[in-house]
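1. sequence below, structure please.
(2 chains)
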Amino acid sequence: MPKALSAHSNISASPAFMQNLRDIAEITPLLVVLLGLFGGAVVLGVLQSFGYAPWFGINEFPTTEYYERLWLSSDFWVSLGLTLYYGFAATLIGLVLSVPLSIALSKKFKASRLFGALIRLPLMVPYTVGIALALVMLGNGGLLSRISAGLGLIDDPSQFVQILKTHWGCGIIAVYVWKQVPFMTLTLSAVLARKGEDTVEAAMVLGASSRQIFWRVTLPQIMPGIVSASLICFAFNIGAFEAPFILGGGYPDTLPVLAWRYFQDANYAFQLQGMAVVVSLALVSGVFLGAYLLGYRRWERARGRV
Amino acid sequence: MIGQTSKLCDLKAISPWQRLLVLAMATFTIAPFAPLIIQSLAFRWAWPNILPTVWWHEQRERSPFPLAWDYVFSPSSRVGEATLNTLGIGIAVTLLCLLICLPAARVLAQRNFRGKNQLEFLIALPLLLPEAAIGIALLMIFIALGLAGTYAGVIVVHLIPTIPYMVRMLTAVYQGHGTEAEDHARVLGANRRQIFFRVTLPMILPGVIAGCLFTFLVSTNLFLLTFFIGQGQIITLPTLLFAKISGGALDATGAGIALIASIPGIILLIFTDRFIRNYPLAE
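-> Numbering: from 1, shown residues only, chains lettered A, B, ... in the order given. This next block holds a predicted model:
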């Protein structure tokens, strides 16, 4: 085979060069879309938040006025706290459910395929459907409220414990968990399937208890899946709009809803304020995700894996 | 020794706790759909009745069809328009995404070059930045370009959350196959087109189909970017449902629309079990 290839390479001037050119041509469309759309959005967003919006007749670049006004108001910090709280709580609950669930689903049992498919359903439907389900289950006139009435616990819808539209955000978190457990479980199942059962079997032969196997063998093995799934879900949760908008407790809203309200304002100048909200949100997200990844790297290094 | 063998046999068996967990999670997942279906078929369902006091079929002489579904299927609900939009945008996004990602995935899988890690990070970045931030920043650009509220604008913006998944899945597929078969074909004198259509494509087809299905799924379920960029002029099933329930209450027609919005996902779930089960998301 090397012979045939070298004979081929004698004909054209420089096949390696041609191949490189072809590689570049093949990767260019992706780069154009990513840099043009995504990079463009990031650059323009940051510029606007610093007061650059000539299309509204506003050009105070560079000014930190919008950030100052935002960061000095206590409501912003409440909003940020709520955003992070919903994001963290939902991701954490989702992980605590998905890790044992993915291990359970990797076992053999009757109708395992059916249950696997049933549990995957939320992954396939929009978040808005999840919100509709939360309304019909958890609302004051919802099914849980009706069941409590049937049990004689309450005798008026208003006596039912307020689950939706509070800053505790139980409804929001329930929707996130409902929608994301399948995603996390699927990610972890893929890692589990790739790792196989050999190491678990070995640990068992060597006399490890099932608790030891979980903490010392399985959990470290699926750690990369846990990290990537929780990163994606956390990033999504703090950027999500529809669940806090419908199920949240109203003012002060989470940051994406706050940004949206600024953008809906008739006064154009508020859009720059909204952009400052959006950039702050992206910064906070970046800081948390970066810290998480760094911590994970350090953990892996301590275990001698990297 | 015997005890250990039986313990090894148990390795693949499910424990009662795990069985309970699976059952509980399946209930948590599926059970909420029951009141949704009931509500869409109810004629009168007052608090605190667990089941409707009057079902639609008891009122057949007044309305031959469940009221909610009658409205859902009438043109004034715009459900038909939204369904067509959702499917059409999904198909367009999937094809465009495949066209962009397939060549790039080959390069990423088979080549080593400087800055490859940075490029891979850039590709994953849209998943890690808050969607609201991307959507609002892009809205400004799209308004300036005249793309806001157009099909083209919505299709292009759907590329942002779909590209990371598509590239990942296709790269994994290419990595799984190596380049030996292509090398053999080249040595035997096949040209580039022949190699791609006769050798590469048949090998990677299952992975390509899985990637397309997942992309289609992400696109049809996307709310936020459609809502921001579509400006209320492009209606899809998720945005229509949002408009219906944004007040915080769910009536019978809302329940019907929610069920309609679940149908594409349920169909995909039934037909794609095989393809989506082990998609390579975890890295």
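2. quick check: closest non-adjacent residue to residue 37.
-> Since no chain was named, I'll use chain A. Distances taken as CB to CB, 6 or more residues apart in numbering or on different chains put residue B:160 closest to residue A:37, at 6.1 Å, once the chain neighbours are dropped. C-beta: built from backbone N, CA, C; applies to glycine.
3. other chain: chain B
-> residue B:259 (6.7 Å).
4. wait, doesn't that neighbour sit right on residue B:39?
-> No - using CB atoms under 8 Å, residue B:259 is not in contact with residue B:39, being 9.6 Å away.
5. the residue nearest to residue B:37 sits in which helix or strand?
-> Per DSSP states H and E, residue B:259 falls inside helix B:252-276.
6. which residues touch residue 65?
-> Picking chain A for this. Shown in contact with residue A:65 (CB atoms under 8 Å, 6 or more residues apart in numbering or on different chains): residue A:51.
7. my bad, chain B
-> residue B:56.
8. state the distance from it to chain A.
-> 21 Å (CB to the nearest CB, to the nearest Å).
9. spatially central residue for chain A, please.
-> residue A:233 (2.1 Å; CA atoms, centre = their mean).
10. next helix or strand past the helix or strand harbouring that one?
-> Residue A:233 belongs to helix A:219-239 when assigned by DSSP H and E. Next helix or strand after helix A:219-239 toward the C-terminus (DSSP H and E): helix A:242-247.
11. which residue ranges of chain A form strands?
-> A:52-53, A:58-59 (DSSP state E).
12. chain B is nearest to which of the ones you listed?
-> strand A:52-53 (8.3 Å; CB to the nearest CB).
13. other SSEs contacting that closest one?
-> Using 3 or more CB pairs under 8 Å, 6 or more residues apart in numbering or on different chains; DSSP states H and E, the elements in contact with strand A:52-53 are strand A:58-59.
14. the residue of the stretch 51-200 of chain B found nearest chain A - how many residues pack around it?
-> Residue of the stretch 51-200 of chain B nearest chain A, by CB to the nearest CB: residue B:130 (2.5 Å). When neighbours are defined as other CB atoms under 10 Å in any protein chain shown, residue B:130 has 27 of them.
15. what does the one 5 residues further on give?
-> The number of residues packed near residue B:135 is 26, by other CB under 10 Å.
16. mind telling me what element it is part of?
-> helix B:131-145.
17. any idea which helix or strand comes after that helix?
-> helix B:151-177.
18. most neighbours per residue, which of the strands of chain A?
-> Counting by mean count of other CB atoms under 10 Å in any protein chain shown, strand A:52-53 has the highest mean neighbour count of the strands of chain A, with a mean of 20.
19. distance from the chain centre to that one, please.
-> Averaging C-alpha positions (CA atoms, centre = their mean, to the nearest Å) puts strand A:52-53 30 Å from its chain's average.
20. one more: stretch B:44-58?
-> Here the centre of stretch B:44-58 is set off from its chain's centre by 34 Å, with CA atoms, centre = their mean.
21. straight-line length of that stretch, end to end?
-> 10 Å (CA to CA, to the nearest Å).
22. right, is it up against chain A?
-> Yes - using CB under 8 Å from any CB of the partner chain, stretch B:44-58 reaches chain A at B:47-50.
23. number of residues surrounding the closest residue to chain B within the stretch 151-300 of chain A?
-> Using CB to the nearest CB, the closest approach of the stretch 151-300 of chain A to chain B is made by residue A:239 at 2.5 Å. For residue A:239, the neighbour count with other CB under 10 Å is 25.
24. same deal with residue B:213?
-> What residue B:213 shows, counting by other CB under 10 Å, is a neighbour count of 18.
25. quick revisit: pull the contacting residues for the residue nearest to residue B:37.
-> With CB under 8 Å, 6+ apart, residue B:259 has these contacts: B:33, B:36-37, B:40.
26. just the buried ones from those residues?
-> B:33, B:36, B:40 (16 or more other CB atoms under 10 Å in any protein chain shown).
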